[in-house]
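In: structure for the following, please:
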Amino acid sequence: MLVYFNSILKKIVLLTFLSVSFIVQAQDNNYTLFLARQFLENGEYAKAAEYFKDLYQENPKTYYKDYVDILVQLKEYKNAEDVLKSLYKNEDKNPMYLLDLADIYLKQNAVDDAEKQFKKVLKELPANPYDINNTAKKLIQLNQLDLAEKVYLKGKELLKNKQAFNLELASLLFLKKDYAGMINAYLDEATNSNNLTAIETGLQQLLQEEEQKDMLEKALLQRTQKQKNEYVYQELLVWLYMQFNDFEGALLQAKSLDILRNEDGVNIMRIARTATAMKDYDAAIKGFQYVVNKGTKCSWYVTANLELINVKRDKLVNSPNYTTAQLLSLKENYLSFIANYNEDDYNAINAKIELAQLEALYIHEIDTAIAILLPITENSRAPKELLAKAKLQLGDYYIIADQPWESLLLYTQVEKEQKGNPLGEEAKFRNARLAYYQGKFAWAQTQLKIIKANTTEFISNDAIDLSVFILDNLNTDDTDFALILFAKADLLRFQNKLDAAEDTLDFILHNYIGTALTDDVFFQKYLIEKDRQHYEKAADYLEQIVDNFPNDILADNALFYLGDIYQNYLKDDEKAKAYYEKIILEYKDSTFAIEARKRYRKLRGDT
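Out: Numbering: from 1, shown residues only. Okay, here's the model as predicted:
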């Protein structure tokens, strides 16, 4: 027993001694590293080299880079070379050491010696994905891009895998500005990847220049012809066309995929909805009509039917010289749709909300619109989302009917019932807008600040626009009264009281000469004339903004809407093209730049 106890005690003493020794050694190394770095920071390279040498000798793999770097700093190239050659010989011929050695030769302008090391690395490249990738990355750091490409290509051969390193090779080729090669690398990977997001993100880098975008489109079209069973290339074409709001092109490819894959039209719906949001109504109509034509067995049939009616309405009211007869024909389409469902059905309620919009904003039967929506807002069985939507629209129509207290009540209800949701934030925005209409700018600003901090991008942008407008024009030399009058005119236009709105705007121009609101007044007068379908007068007001306020925030808006008026209403394509071109050349950062470029190319006859 005593012998056993003594044996255990000896082991404990030995372990304690070893542990203490290890701790002491670690502390010594830490102190040595501290001194080495301190001397390095002070520029005392020779002293730092002594300490890094000690550290390197204790742990070569960890400290060789620090030691070699400071030897190079001291121009002791021979010693640095010896360190790397020794490491390469003793550490399983790691190619990283040869690349560091080549870097030292390059620092001495010994290009031939560096080339020998590079050739040796390529010759001895192991069939190991980790080593291949690290070798290429190191070469990229050394700006040896051609050699890095050779490493990746040889790596494919060594691994007998043509798909290996496609993404890495694509990134490298982008650095080399070999855009055709980059595109091929990404497209090769596309057939091998379940995640197109990485490929789309990489290809996004090419979309800044027209030439590169065309190169990508051509490559995708060629692959869709040569590899007809690889549907991924059509998916990428859809993505590409969507980046440039080319909804016709996107629909063409998406329809083909829908047929080939026997899909239910979900992607067509997505494209058509985006086209609607971007006001490409013709493309949207084609998309929704395609889904409707799939028949009643299609899960999107009913939704597509309603959205088709909606987009036809949007196209009509945004077209020149539409008539009451056309609006009443649309109304019949809504009523026919609603007749297919009972009053509590989701589709019927949704259609009634859309019909109310037609009645209120375009047929101008505000009492009829209110009568359509009131039963919905009082229907406890109505889906919460549609109930909130109905209340928001009813609130708007009460503003038109000069009953703002009812609007405030409805907006506040939705704000509470949909708290934390986009509809709740929309209600908060409409409450802020109502306060603005009433001249309560301080309260409106408080609400807008809250919205900007925690809401969706679309609503937040509206909030930002209104907030910036109030801040820019409140407490100026013109006094707040001019802003109160402008808000009143804005409200009158919203209520379709166009003559009264125009009189109020004229009063501002005549009594507040030189006001900062002048360009905003011209923009409001453009909107009034457009509502009246007086498109030449509308264009005149936009021209005044472009000519007199070229550096103000509304300048690019005015140019774009001038292009739109001449393209779609006055049918003068040459003038429209000139305005779009001006945005492209002089307002490159404008939010209208992409759409202006698309329209310009279409008017120019580009395919």
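
In: show me the contacts for the closest residue to residue 375 other than its chain neighbours.
Out: The shortest distance from residue 375 to any non-neighbouring residue, by C-beta to C-beta, 6 or more residues apart in numbering, is to residue 343 (7.8 Å). Placement of C-beta: from N, CA and C, glycine included. Residues in contact with residue 343 (C-beta atoms under 8 Å, 6 or more residues apart in numbering) are 349, 375, 379.

In: any idea which helix or strand carries residue 436?
Out: Assigned by DSSP states H and E, residue 436 belongs to helix 422-437.

In: which residues are contacting the next helix or strand after that helix?
Out: Using DSSP H and E, the next helix or strand after helix 422-437 towards the C-terminus is helix 441-453. Residues from elsewhere that reach helix 441-453, judged by C-beta under 8 Å, 6+ apart: 425, 428-429, 431-433, 435-436, 459-460, 463-464, 466-467, 470-471, 474, 480, 483, 487.

In: and helix 441-453, which residues are buried?
Out: Buried residues in helix 441-453, counting neighbours by 16 or more other C-beta atoms under 10 Å, are found at 441, 444-445, 447-448, 451-452.

In: so which of the residues you listed is the closest to residue 404?
Out: residue 444 (13.5 Å; C-beta to C-beta).

In: and that closest one, how far is that from residue 419?
Out: 20 Å (C-beta to C-beta, to the nearest Å).

In: same check, this time on residue 547
Out: Distance of residue 547 to residue 419, given as C-beta to C-beta: 47 Å.

In: try residue 277
Out: 26 Å.

In: in the protein, which residue is closest to the centre?
Out: residue 243 (9.6 Å; C-alpha atoms, centre = their mean).

In: what confidence value was assigned to that residue?
Out: Note for residue 243: predicted pLDDT of 91.

In: burial check on the residue nearest to it when sequence neighbours are not counted, number of neighbours?
Out: Nearest non-adjacent residue to residue 243, counting by C-beta to C-beta, 6+ apart: residue 207, 5.8 Å away. Applying the criterion other C-beta atoms under 10 Å, we find 14 residues in the vicinity of residue 207.

In: over to the one 3 residues further on?
Out: Residues within reach of residue 210, counting by other C-beta under 10 Å, total 11.

In: likewise residue 392?
Out: 23.

In: list the contacts of it.
Out: Residue 392 sits next to 410-411, 414, 423, 426-427, 430 when contact means C-beta under 8 Å, 6+ apart.

In: how about 10 Å then?
Out: Counting by C-beta atoms under 10 Å, 6 or more residues apart in numbering, residue 392 touches 353, 373, 407, 410-411, 413-415, 418, 423, 426-427, 429-430.

In: neighbour-wise, which of those residues leads?
Out: Most surrounded of the contacts of residue 392: other C-beta under 10 Å gives residue 373, at 28 neighbours.

In: what is the neighbour count of residue 439?
Out: The tally of other residues near residue 439 (other C-beta under 10 Å) stands at 16.

In: and for residue 221?
Out: 14.

In: which SS state does the nearest residue to residue 600 once chain neighbours are set aside fall under?
Out: Closest residue to residue 600 apart from its sequence neighbours, by C-beta to C-beta, 6+ apart: residue 580 at 4.1 Å. Here residue 580 is helix, with the state taken from DSSP: H, G, I helix; E, B strand; the rest coil.

In: now do the same contact list for residue 580.
Out: Residues counted as contacts of residue 580 (C-beta under 10 Å, 6+ apart) are 559-560, 562-564, 566-567, 592-593, 595-604.

In: and the buried ones among those, selectable in PyMOL?
Out: Buried residues within the contacts of residue 580, by 16+ other C-beta under 10 Å, are selected in PyMOL with:
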select buried, resi 559+560+562+563+564+566+567+592+593+595+596+597+598+599+600+601+602+603
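
In: which of the contacts of residue 580 fall within helices?
Out: Among the contacts of residue 580, the members falling in helices (DSSP state H) are 559-560, 562-564, 566-567, 593, 595-604.

In: residue contacts, residue 32?
Out: By C-beta under 10 Å, 6+ apart, residue 32 lies in contact with 50-52, 54-55, 58, 63.

In: pull the contacting residues for residue 399.
Out: 406-408, 411, 430, 433-434, 437, 491, 494-495.

In: gap between it and residue 239?
Out: As judged by C-beta to C-beta, residue 399 and residue 239 stand 41 Å apart.

In: okay, now residue 329: neighbour count?
Out: By other C-beta under 10 Å, 12 other residues sit near residue 329.

In: repeat for residue 556
Out: Number of residues near residue 556 (other C-beta under 10 Å) recorded here: 22.

In: list the contacts for it?
Out: By C-beta under 10 Å, 6+ apart, the residues touching residue 556 are 546, 550, 582-583, 586-593, 596.

In: which of the three states applies to residue 576?
Out: Residue 576 ends up helix, using three-state DSSP.

In: could you check how far the residue nearest to residue 279 when sequence neighbours are not counted is from residue 423?
Out: Closest residue to residue 279 apart from its sequence neighbours, by C-beta to C-beta, 6+ apart: residue 318 at 6.9 Å. Counting by C-beta to C-beta, the gap from residue 318 to residue 423 is 25 Å.

In: surely residue 504 and residue 492 touch.
Out: Yes - using C-beta atoms under 10 Å, residue 504 is in contact with residue 492, at 6.4 Å.

In: okay, and the common contacts of those two?
Out: If you check residue 504 and residue 492 against C-beta under 10 Å, 6+ apart, the residues they both contact are residue 524.

In: for the contacts of residue 343, which one is nearest residue 519?
Out: Relative to residue 519, the closest of those is residue 349; by C-beta to C-beta it sits at 41.7 Å.

In: any idea which element the closest one lies in?
Out: Residue 349 is part of helix 346-358, with elements assigned from DSSP H and E.

In: now do that helix, average pLDDT.
Out: Rounded mean pLDDT across helix 346-358 is 96.

In: for it, buried residues please.
Out: Within helix 346-358, the residues that count as buried by 16+ other C-beta under 10 Å are 348-358.

In: can you put those in TSV and add distance to residue 35?
Out: Shown next, in TSV, are the buried residues of helix 346-358 (distance: C-beta to C-beta, whole Å):
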residue	distance to residue 35
348	82
349	78
350	75
351	80
352	81
353	76
354	77
355	82
356	80
357	77
358	82
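
In: ramachandran coordinates for the residue nearest to residue 243?
Out: The phi/psi pair for residue 207 (degrees, to the nearest 10) reads phi -90, psi 0.

In: that one touches residue 201, doesn't it?
Out: No - checked against C-beta under 10 Å, the pair residue 207 and residue 201 is beyond contact range at 11.1 Å.

In: re earlier: list buried residues within the contacts of residue 32.
Out: 51-52, 54-55, 63.

In: who touches residue 368 in this structure?
Out: 331, 355-356, 358-360, 397.

In: for the stretch 51-200 of the chain, what spans make up the helices?
Out: Using DSSP state H, counting those that start in this stretch, the helices of the stretch 51-200 of the chain run over residues 60-73, 77-90, 95-107, 111-123, 129-141, 145-159, 166-175, 179-190, 196-203.
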